[in-house]
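Novice: Could you look at this predicted model? Sequence included:
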Amino acid sequence: MDSEQKRRILDAHMHLPVQGISLPEKKEILLKEMQKNGIDEGIVISDSAITSEIGSLKDCLELFSDTCNVHVVGEISPFFNYKEQCKLLDTALSEKKIVGIKLFCGHESFYLSDNILGPVYALAETYNVPVLFHSEKDSSQYASYFAVCEAVRQHPNITFVCCHCHYPNVEACFQRYKNVNNIVFDISSIADVQMTADMRKAVQSELQRHPDAIMFGSDYAGCSQADHLDFAMSLAVSDDIRSRLLYKTAYRVFHLA
């Protein structure tokens, strides 16, 4: 690995930990974990709930307002003060305080293609930010491939980020979305206890075919950041592709440069 790669690693999928009493204490735990693992920058995703032990959108905006190496993605749900949360997103986006929007389809009972999400997609298009969506371990109809494909094709000017690559169905995920141009992936949660050689091969193959389509992410604090970094560094890819995985693709997708 060259010196540039050593200096620059961005974790594109983090959350505040449950551990800790106060939100500032949780923030310090996260920053120490990043430092321990050599993570230079990160993206923290807020919770969609109004009150949360891992930080609402408002909480995360306040908490990381003075932290230049941690960027915030605002999660939103049509079930929690939707209009007010859309206004908060609008304000945060206009002030460049967040770098993306997250939708928790699957865990929450809405499809990515539901018309109710129109205001969210309008914001994403207006401010040119990506829309992240949950896909992990959930056989729920709301996280189906069909609904995802319908949504991304309805909004060709928005970049969608498939968080977790439909883990553990990683190979099927890449296959199902192979003809969708405006979707990228983060590998958060893949380096879990159920990770297999087939998953590793699927990620390596996808990186070879589409080196700008996958970002490093860990899903810290739900998953081990160190294990995900070890996974990323162990992939049999060129230095150039690895640098795209570790930070360059995230810089492009989230417009961080």
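Specialist: Yes, it's here.

Novice: Helices of the stretch 101-250 of the chain, start to end?
Specialist: For the stretch 101-250 of the chain, the helices defined by DSSP state H, counting those that start in this stretch cover 118-127, 145-154, 170-176, 197-209, 225-234, 239-243, 249-253.

Novice: relative to helix 225-234, how tilted is the fourth one?
Specialist: It stands for helix 197-209. Here helix 197-209 runs at an angle of 60 degrees relative to helix 225-234 (axes from the mean of the first three to the mean of the last three CA atoms, to 10 degrees).

Novice: Average pLDDT for helix 197-209, rounded please.
Specialist: The average of the pLDDT scores along helix 197-209 is 96.

Novice: Not counting that helix itself, show me its contacts.
Specialist: When contacts are defined by CB atoms under 8 Å, 6 or more residues apart in numbering, helix 197-209 is touched by residues 165, 167-168, 170-171, 174, 185, 187, 190, 213-214, 231, 234-237, 241, 245. Every residue, glycine included, has its C-beta placed from N, CA and C.

Novice: where in the chain is pLDDT low?
Specialist: Along the chain, segments meeting pLDDT under 70 span 1-7, 137-139.

Novice: mind listing the strands in it by residue range?
Specialist: For the chain, the strands defined by DSSP state E occupy 10-14, 41-45, 70-75, 100-103, 131-134, 160-163, 183-186, 214-215.

Novice: Now render the ones you listed as TSV, adding distance to residue 152.
Specialist: Supplementary listing: the strands of the chain in TSV, determined by distance: least, CB to CB, whole Å:
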stretch	distance to residue 152
strand 10-14	18
strand 41-45	19
strand 70-75	18
strand 100-103	12
strand 131-134	9
strand 160-163	5
strand 183-186	5
strand 214-215	16
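
Novice: Can you lay out the helices of the stretch 101-250 of the chain as TSV showing distance to residue 58 and mean neighbour count?
Specialist: Listed next are those as TSV, based on distance: least, CB to CB, whole Å; neighbours: other CB atoms under 10 Å:
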stretch	distance to residue 58	mean neighbour count
helix 118-127	16	16
helix 145-154	26	17
helix 170-176	32	18
helix 197-209	35	16
helix 225-234	25	18
helix 239-243	35	16
helix 249-253	24	21
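
Novice: Quick one: those as TSV, columns for distance to residue 92 too.
Specialist: Putting the helices of the stretch 101-250 of the chain into TSV (distance: least, CB to CB, whole Å) gives the following:
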stretch	distance to residue 92
helix 118-127	9
helix 145-154	22
helix 170-176	30
helix 197-209	32
helix 225-234	25
helix 239-243	30
helix 249-253	18
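
Novice: Those helices: which one's closest to residue 12?
Specialist: Within the helices of the stretch 101-250 of the chain, the stretch nearest residue 12 is helix 249-253; the backing value is 4.5 Å (CB to CB).

Novice: quick one: that closest one to chain centroid distance?
Specialist: Remark: helix 249-253 is offset 11 Å from the chain centroid, using CA atoms, centre = their mean, to the nearest Å.

Novice: before we move on, what about stretch 232-252?
Specialist: Taking the mean C-alpha point of stretch 232-252 and that of its whole chain, the gap between them comes to 16 Å (CA atoms, centre = their mean).

Novice: okay, how far is it across that stretch, tip to tip?
Specialist: Separation of the first and last residues of stretch 232-252 by CA to CA, to the nearest Å is 19 Å.

Novice: Relative to residue 221, which of the strands of the chain is closest?
Specialist: When those are ranked by proximity to residue 221, the top entry is strand 10-14, at 7.6 Å, counting by CB to CB.

Novice: just the angle between the closest one and strand 70-75, please?
Specialist: For strand 10-14 against strand 70-75, the angle by the same axes, to 10 degrees is 30 degrees.

Novice: how about strand 10-14: buried residues?
Specialist: The neighbour-count check on strand 10-14 (16 or more other CB atoms under 10 Å) flags 10, 11, 12, 13, 14 as buried.

Novice: Thought residue 37 was touching the last one, still the case?
Specialist: No. With the criterion set as CB atoms under 8 Å, residue 14 and residue 37 do not qualify as a contacting pair; they are 11.0 Å apart.
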